[in-house]
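J.: Provided below for reference: sequence and predicted model.
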Amino acid sequence: MKANTFKISSIHWSIITVITTIVYYSIFSHDFQLQWDDQWQLINTMTSNGITLDNLQTITTTIYNGQYSPANQLYYTLLYLCFGYNSSAFHIGNLLFHILNAFLIYTLSYTLLKETFSRKKTLFISFLSALLFAVHPVQVETVCWISASKIVLSTFFYLLALIAYTQYIRSSQWKYLLCSVCSGIIAMGCKEQSVTLISCILLFDWILFKRNMLSLNVYLEKIYFLIPTIAFFIVTLISNQNSGEETIGYTVIERFLFFCYSLFKYILISAIPFKLSYLYPFPFQVGEDITLSLWVYPFIILFIGYVIFLNRKNRLIIFCTLFFLLHLLPVLHIIPLPRYVITADRYLYLPYITYAIGISALSYHLYEQYGKRILGVVLLYLSFLCFYTANYAPIWKNSDTLKEHFKGVLQKRKTLSIINHKN
């Protein structure tokens, strides 16, 4: 970055840090979720046994409760070594990495768009994208739940891998490719979904870098990513088999309807977050009749797909769409998994990045057409997101506050169901 650009970026980063810290201020007094995974995922012997050769061997070779995330477990161990079981330290760690992820999104956006748009437009899109990501209430679950640290950590290294790969393409220096591969391996060691990295960099090659996808060299250099990807994929399959949870036996048609419903749900709450919760039950149980309202979602998804198809010449729209879809595919019920919720806010943490970039690019386009009125709308929207996040985060203080919130959600749904039934 040039000196003036770096100065502007530094101001942007400061604003993002301050606003994010304010909306997540309540996190500094949050406890552990002792009735939702923290009691085993964080509080365990691998955490408390410190940095010894025996414990490092255990961390790197153990599939624990159906999960293999050695890098995330090592992160817990290091934090425990410094602060003990101090819940504030672990929560601050989550928030710190969330802010760092916003900085990386800023950097990645600027790096990718600076050769396409003007400097002013690129800086605006980068800033708004990072800020939207940082304050959007759909990220509250990931930031406020310590056991979701594997997501903020994996995203950090995932973004580092993408930025390093971008530098490799621009400079052809192998040190950047090596850095990308190493960062990708750590990301996979934090969260198994990071195996999508190899598909993501191929998407970068095709859409953003316009590389010749028929060239053998494009695929040969991916061998360095492919080997660890296969290894972690196999470990993930073994982990799911040893999770002790049964795969829910919905039919192919039912899973297709869930695919359309959950995809639309993710698109909707990314744009307009409302009634966010830590549990979203399936619309019906195995063996029950399919809820009639579910049949409308395939047509909604088809319509959205058609609109995107009409704009297929816009490479940014296609890239943002495919990135969003690629990182949601593992949790869209195409493959039966031992999941007892149809959607989860934390699954949007990484996919939301390009959603934010797309919204930011659209906002600047409208600003060019309609002037400062659009900035007022953007400011109002950001204020809404900040207010929602600041009020939603305290609900995650501990297991009791979270349960109380969910009881309220269930009661409202029950009341609404009775009213609809009477009508």
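T.: That came through, no problem.

J.: pLDDT score assigned to Lys2?
T.: Predicted confidence (pLDDT) for Lys2: 65.

J.: Check which element follows the top helix by length along the chain along the chain.
T.: Counting residues, the longest helix found in the chain (DSSP state H) is helix 87-113. Per DSSP states H and E, the first helix or strand lying C-terminal to helix 87-113 is helix 119-135.

J.: Check which helices and strands that following helix is in contact with.
T.: Packed against helix 119-135, as judged by 3 or more C-beta pairs under 8 Å, 6 or more residues apart in numbering; DSSP states H and E, are the following elements: helix 3-23, helix 87-113, helix 352-370, helix 372-392. Heads up, the C-betas are built off the backbone N, CA and C, glycines and all.

J.: got a list of what Ile156 touches?
T.: To be clear, residue 156 is Phe; Ile isn't right here. By C-beta atoms under 8 Å, 6 or more residues apart in numbering, Phe156 lies in contact with 97, 100-101, 104, 187.

J.: what comes up buried for the host helix or strand of it?
T.: Taking DSSP H and E as the definition, Phe156 sits inside helix 149-171. Within helix 149-171, the residues scored as buried using 16 or more other C-beta atoms under 10 Å are 149-169.

J.: pLDDT weak spots in the stretch 301-423 of the chain?
T.: For the stretch 301-423 of the chain, residues meeting the criterion pLDDT under 70 lie at 336-339, 408-423.

J.: residues of stretch 74-94 that come out buried?
T.: Residues of stretch 74-94 classed as buried: 74-77, 79-80, 87, 90-94 (neighbour count, 16+ other C-beta under 10 Å).

J.: Contacts for it next, please.
T.: 27-32, 42-43, 46-51, 55-56, 59, 142-144, 146, 148-149, 152-153, 190.

J.: Quick one: mean pLDDT for it?
T.: Here the average pLDDT along stretch 74-94 is 95.

J.: Give me the distance between stretch 353-369 and the centre of its chain.
T.: Its chain's C-alpha centre and that of stretch 353-369 lie 19 Å apart, by C-alpha atoms, centre = their mean, to the nearest Å.

J.: Buried residues in that stretch, which are they?
T.: By neighbour count on 16+ other C-beta under 10 Å, the buried set for stretch 353-369 is 353-361, 363-364, 367.

J.: re earlier: can you tell me which of the buried residues of stretch 74-94 lies nearest to Leu322?
T.: Using C-beta to C-beta, Asn94 is the member of the buried residues of stretch 74-94 that lies nearest Leu322, at 28.6 Å.

J.: Tell me how far the closest one lies from Ser215.
T.: Asn94 sits 41 Å away from Ser215, going by C-beta to C-beta, to the nearest Å.

J.: Over to Ser48?
T.: For Ser48, the distance to Ser215 - C-beta to C-beta - is 51 Å.

J.: repeat for Ala344
T.: Separation of Ala344 from Ser215 (C-beta to C-beta) stands at 39 Å.

J.: Going through the contacts of stretch 74-94, which ones are buried?
T.: Using 16+ other C-beta under 10 Å, the buried ones in the contacts of stretch 74-94 are 27, 30-32, 42, 46-47, 55-56, 59, 142-144, 146, 148-149, 152-153, 190.

J.: could you say what helices and strands the strand or helix carrying Val181 packs with?
T.: Using DSSP H and E, Val181 sits in helix 174-190. Other elements packing on helix 174-190 under the criterion 3+ C-beta pairs under 8 Å, 6+ apart are helix 70-83, helix 149-171, helix 197-203, helix 223-241.
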